[in-house]
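**Q** Quick check, what structure comes out for this input:
(one chain, ligands or ions: 1)
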Amino acid sequence: MPMNDNSAPTLDEQAGHCFACGPANPQGLHLHFDRSEHPETGHPTVTATVNLTRIYEGPPGYIHGGIIATLFDEAMSKLNRPLDTLAMTRHMEVDYLRPSPLYQDLTLTATHERREGRKLFHSAQLHNAEGTLLAQAEGLFIAINPAMIPSNITPEKAGH
Ligand SMILES: CCCCCCCCCCCCCCCC(=O)SCCNC(=O)CCNC(=O)[C@H](O)C(C)(C)COP(=O)(O)OP(=O)(O)OC[C@H]1O[C@@H](n2cnc3c(N)ncnc32)[C@H](O)[C@@H]1OP(=O)(O)O
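**A** Model (predicted):
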């Protein structure tokens, strides 16, 4: 594993196996997000294009609902860094409005809504290329102590 100057893994290196965004996870989704600011509120916003295959199928031809929840969880988690906060998902609600098709470019977005102390409230949406809203989510993330994140995960420690 590459190390920084102090020979301790960086947070990005620690997160390399994240199922949704980690480059080191061979079975992951490898999502890439572009970050910007909401034009009206100035709050951080992230966007990704997703195009999923049948590996992620639920109903025939459509993305599994659990994977859609994963997309939202990941997109909203990406708002925490621009807020200079290490946070974990505490609560998430998902509305599945229309089936979300496989093999099509879909647009995944998330925006920070508000902060109350340790509590970060975010929202997320999934649209098709025509701009139809397919699914949406609201998430509550709680700022955590960085010591909660182990720095030395190994297969042995992970039980494999
Ligand atoms: C991940 C970090 C590394 C990242 C670095 C690299 C980044 C690149 C990799 C990205 C990767 C990310 C991946 C995706 C993000 C996951 O998926 S994270 C994984 C899923 N989440 C978890 O496993 C978290 C498990 N839960 C916990 O560990 C603990 O519950 C927490 C989150 C640390 C919070 O515990 P706690 O401090 O005891 O907080 P708790 O009192 O339960 O609740 C806090 C507040 O929320 C309120 N609350 C709770 N539920 C609700 C609700 N439904 N509505 C309103 N308020 C509520 C409580 O009332 C409380 O309010 P206050 O009393 O403080 O006013």
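
**Q** going forward, measure contacts between C-alpha atoms and count neighbours the same way
**A** Fine.

**Q** hmm, the helix ranked longest in the chain in reach of the ligand?
**A** The residue-count maximum for a helix in the chain (DSSP state H) belongs to helix 65-77. Yes: shown here: helix 65-77 in contact with the ligand (CA under 6 Å from any ligand atom) through 73-74, 77.

**Q** could you give me the average pLDDT of that helix?
**A** Looking at helix 65-77 alone, the average pLDDT works out to 98.

**Q** Can you name the residues in contact with the helix or strand just after it?
**A** Scanning forward in sequence from helix 65-77 by DSSP states H and E, the next helix or strand is strand 87-96. Contact partners of strand 87-96, identified using CA atoms under 8 Å, 6 or more residues apart in numbering, comprise 65, 69, 73, 77, 80, 134-144.

**Q** Quick check on residue 99: phi, psi?
**A** When read as degrees, to the nearest 10, the backbone of residue 99 gives phi -60, psi 140.

**Q** now swap in residue 22 and tell me
**A** For residue 22, the backbone dihedrals (degrees, to the nearest 10) come out as phi -70, psi 130.

**Q** Identify the residues contacting the closest residue to it other than its chain neighbours.
**A** Across the structure, with CA to CA, 6 or more residues apart in numbering as the measure, the residue nearest residue 22 apart from its sequence neighbours is residue 16 (4.2 Å). Contacts for residue 16 (CA under 8 Å, 6+ apart) come out as 22-25.
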